[in-house]
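*Asks:* Fold the stuff below for me.
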Amino acid sequence: MFCDLAETESFTKAAQINEVTQSAVSQQISSLERTFKSLLIERSKKKFRLTREGQVLYDYSKQIIQTYDALQNKLQEIKDIISGTIRVTTIYSIGLHDLPPYIKRFLKTYPTVNVHVEYRRANQVYDDVLSNVVDLGLVAYPTKDPKLEIVPLRKDPLVLICHPSHPFAKLKTLKLKAITDEKFIGFEPDIPTRKALDKILKEHGIHVETVMEFDNIETVKRAVEINAGVSIVPQATVIQETAKQTLASVPFDDGDLFRPLAVIYKKTKVLSPAMKQFIATLKEDMN
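*Replies:* Here you go, the predicted model:
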């Protein structure tokens with residue numbers, strides 16, 4: 001609990017991770033301070049900060065926990081047991097469109113594992129992983145960080161989507177230049193897919209008229225369905241709409257247009273057999 005508090009710098013998050021009240025966290029910290037006869041957290045300042053004794057306790061506690069986790073995992077591996085809980089946080093588009101078949105396959109093979117999934121914005125996924133709120137994160141366009149391990153998954157082709165009555169809908173493929181000056185439904189500027197698309201369009205010297213910006217794929221699709229503009233999205237996210245013909249999807253025949261997906265986890269994380277197998281499942285191609 002103390003390590004979770006030190007990493008999240010939040011009594012609320014530490015309580016959430018350990019499924020207790022904030023008061024229980026405070027009581028445990030006070031109990032530790034009495035045990036070690038040392039002040040562990042500076043309470044006078046607004047910003048959370050460990051004392052020197054608190055930092056030493058954290059460093060050694062982390063080693064103890066990692067050794068204990070490694071011991072448990074080794075015993076599970078010897079007994080060939082795959083069980084326990086995996087806490088996953090994912091961006092919305094992966095969670096809604098890519099993840100479900102993998103979860104279904106994994107739970108069918110390992111029914112004693114509990115997979116807890118939360119949907120978050122990209123920056124929150126990184127925060128949750130780094131602060132140990134979750135075990136694994138699922139992101140697009142993974143950002144390198146010295147504290148993170150990045151496991152590449154597959155690459156999603158990006159396609160143009162438009163209303164079925166739009167002239168583009170009749171085409172089998174499309175040149176990227178064709179969308180010049182089109183009314184465009186985009187993601188908000190801090191979304192990784194938006195940053196990647198901005199870079200691609202700039203490299204090709206293409207200007208689009210951004211008429212709407214949203215923070216999630218579902219709202220982007222709804223805006224295109226009412227013919228407010230065109231957009232570029234991962235192909236896997238529009239399978240249902242193209243089948244129902246509420247949207248038309250056109251692949252590009254030029255440009256390196258795909259969205260890389262990845263699993264991220266903290267480098268200090270000791271992966272359980274269940275977590276290792278879950279990552280292995282995510283790396284499999286779905287037929």
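
*Asks:* pLDDT weak spots in the chain?
*Replies:* Scanning the chain with the threshold set as pLDDT under 70 gives 45, 255, 286-287.

*Asks:* Sort out which residues of the top strand by length along it are buried, please.
*Replies:* The longest strand of the chain (DSSP state E) is strand 148-162. Within strand 148-162, the residues scored as buried using 16 or more other C-beta atoms under 10 Å are L148, E149, L153, R154, D156, L158, V159, L160, I161, C162. In this view, the C-beta of every residue, glycine as well, is placed from N, C-alpha and C.

*Asks:* Spatially, which two of these are the most separated?
*Replies:* Maximum pairwise distance among the buried residues of strand 148-162 (C-beta to C-beta): 38.6 Å, between E149 and C162.

*Asks:* if we can go back for a sec, helices and strands around whichever helix or strand comes after the longest strand of the chain, which ones?
*Replies:* Moving toward the C-terminus from strand 148-162, the next helix or strand (DSSP states H and E) is strand 183-187. Strand 183-187 sits against helix 192-203, strand 209-214, helix 217-225, strand 231-234, with contacts defined as 3 or more C-beta pairs under 8 Å, 6 or more residues apart in numbering; DSSP states H and E.

*Asks:* Can you show me the CA trace of strand 183-187 as PDB?
*Replies:* The C-alpha coordinates for strand 183-187 follow below in PDB (Å, rounded to 0.1, in the frame of the first residue of the first chain):
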ATOM      1  CA  LYS A 183     -14.300  19.100 -45.100                       C
ATOM      2  CA  PHE A 184     -12.600  16.900 -42.500                       C
ATOM      3  CA  ILE A 185     -13.800  15.400 -39.200                       C
ATOM      4  CA  GLY A 186     -10.700  15.100 -37.000                       C
ATOM      5  CA  PHE A 187      -9.600  13.900 -33.600                       C
END
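
*Asks:* for the longest strand of the chain, packing partners?
*Replies:* The contact analysis (3+ C-beta pairs under 8 Å, 6+ apart) places strand 148-162 against helix 122-130, helix 217-225, strand 231-234, strand 248-251, strand 258-266, helix 273-283.

*Asks:* which of these sits most buried?
*Replies:* Burial of these is given as mean neighbour count (mean count of other C-beta atoms under 10 Å); strand 231-234 ranks first at a mean of 25.

*Asks:* partner strands of that one, parallel or antiparallel?
*Replies:* Looking at strand 231-234 with DSSP bridges, its partner strands are strand 148-162 (antiparallel).

*Asks:* Check the contact between T281 and F106; I expect there is one.
*Replies:* Yes. T281 lies in contact with F106 (C-beta atoms under 8 Å); the separation is 4.6 Å.

*Asks:* Could you tell me how many residues sit around the residue nearest to H163 when sequence neighbours are not counted?
*Replies:* Ranked by C-beta to C-beta, 6 or more residues apart in numbering and with sequence neighbours excluded, the top spatial neighbour of H163 is N227, at 4.0 Å. Neighbour count for N227, taken as other C-beta atoms under 10 Å: 13.

*Asks:* for K104, same thing?
*Replies:* 11.

*Asks:* same check, this time on D285
*Replies:* D285: 6 surrounding residues under other C-beta under 10 Å.

*Asks:* Do I have it right that it meets L153?
*Replies:* No. D285 is beyond contact range of L153, at 9.9 Å (criterion: C-beta under 8 Å).

*Asks:* Under a three-state scheme, what state does F48 occupy?
*Replies:* Per DSSP: H, G, I helix; E, B strand; the rest coil, the secondary structure class of F48 is coil.
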